[in-house]
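**Q** No letters, just coordinates:
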């Protein structure tokens, strides 16, 4: 006789956090780990996973993050750069901020400390480049993209990276778009740390941006759909896409968000 097993929603995890990092410099990674340990993360409440790209690129960020997401045993998955240092907030503070967002919006899936709400609004809450502090006063803020240096993913959201993208750039935007399509939201929260780099928009970044645009132009294209019992049209509009990418359309969008949608508009309503 075939054996069966009843399953329920998974509420049990081995750890609160899984901390995932791509490592190219082990000395920098050790400094990052030391700052985590100093601020409350340890092998009892967290697991620490890494991909060793120090001698060659074993995995890029898209395939690598998918591997992290599949293997993580933590309730929350931190995907971070090796060049961050926890200088102000730690384990208890991050849990507190997660609980705040969970109360405000149970459909959250991604948190960070830097990102954007619109074409105009940027929110940063960190020490950038090791010497310049940015402190956003309106946190938390719902966002459409996040910076890749520090990402918190809710494990139960079952997110994944695009299978048709690759490289080491734009993966923060990709996972935010995936979350949005799946019905989840992204927030910038008060978790202040130091990111030693200013970023590097090199040729590979430009190519990754072009690849992401091409992918989502296709993925979100307008189309007729038909099932066995119905048919309908869904999707975007090519003319609208052309207009909002033009210089004039860009100008109109920025003016709209300046005068009619301030950054405070994106705060969860009962936190105002």
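**A** Good, I have the coordinates. Please read all numbers here as calculations on a predicted model, not as lab measurements.
**Q** alpha carbons only for contacts and neighbour counts from here, please
**A** Will do.
**Q** residue boundaries of the helices in the stretch 1-150 of the chain?
**A** Counting by DSSP state H, counting those that start in this stretch, the stretch 1-150 of the chain forms helices over residues 26-38, 61-71, 91-104, given from the N-terminal end onward.
**Q** okay, the ones you listed, which one's buried deepest?
**A** Counting by mean count of other C-alpha atoms under 10 Å, helix 61-71 has the highest mean neighbour count of those, with a mean of 19.
**Q** As a markdown table, the helices of the stretch 1-150 of the chain with mean pLDDT and distance to residue 153 would be great.
**A** Compiled in a markdown table, those are given as follows (pLDDT from 0 to 100; distance: least, C-alpha to C-alpha, whole Å):
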| stretch | mean pLDDT | distance to residue 153 |
| --- | --- | --- |
| helix 26-38 | 98 | 17 |
| helix 61-71 | 97 | 9 |
| helix 91-104 | 98 | 10 |
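**Q** all strands of the stretch 51-200 of the chain, in order?
**A** In order along the chain, the stretch 51-200 of the chain carries the following strands (DSSP state E, counting those that start in this stretch): 74-80, 84-85, 108-112, 114-116, 122-124, 126-128, 132-134, 141-143, 145-146, 150-154, 185-188, 194-195.
**Q** Figure out which of those is closest to residue 230.
**A** strand 185-188 (30.0 Å; C-alpha to C-alpha).
**Q** Return the set of buried residues in that closest one.
**A** Neighbour-count burial for strand 185-188, counted by 16 or more other C-alpha atoms under 10 Å, picks out 185-188.
**Q** Also stretch 251-269?
**A** 253-254, 257, 263, 266-268.
**Q** Could you list the low-pLDDT ranges of the chain?
**A** Residue ranges of the chain with pLDDT under 70: 271-272.
**Q** picking up where we left off before, could you dump the strands of the stretch 51-200 of the chain into JSON lines and include distance to residue 67?
**A** JSON lines is the format used below for these (distance: least, C-alpha to C-alpha, whole Å):
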{"stretch": "strand 74-80", "distance to residue 67": "12"}
{"stretch": "strand 84-85", "distance to residue 67": "21"}
{"stretch": "strand 108-112", "distance to residue 67": "17"}
{"stretch": "strand 114-116", "distance to residue 67": "24"}
{"stretch": "strand 122-124", "distance to residue 67": "28"}
{"stretch": "strand 126-128", "distance to residue 67": "28"}
{"stretch": "strand 132-134", "distance to residue 67": "32"}
{"stretch": "strand 141-143", "distance to residue 67": "25"}
{"stretch": "strand 145-146", "distance to residue 67": "20"}
{"stretch": "strand 150-154", "distance to residue 67": "14"}
{"stretch": "strand 185-188", "distance to residue 67": "21"}
{"stretch": "strand 194-195", "distance to residue 67": "24"}
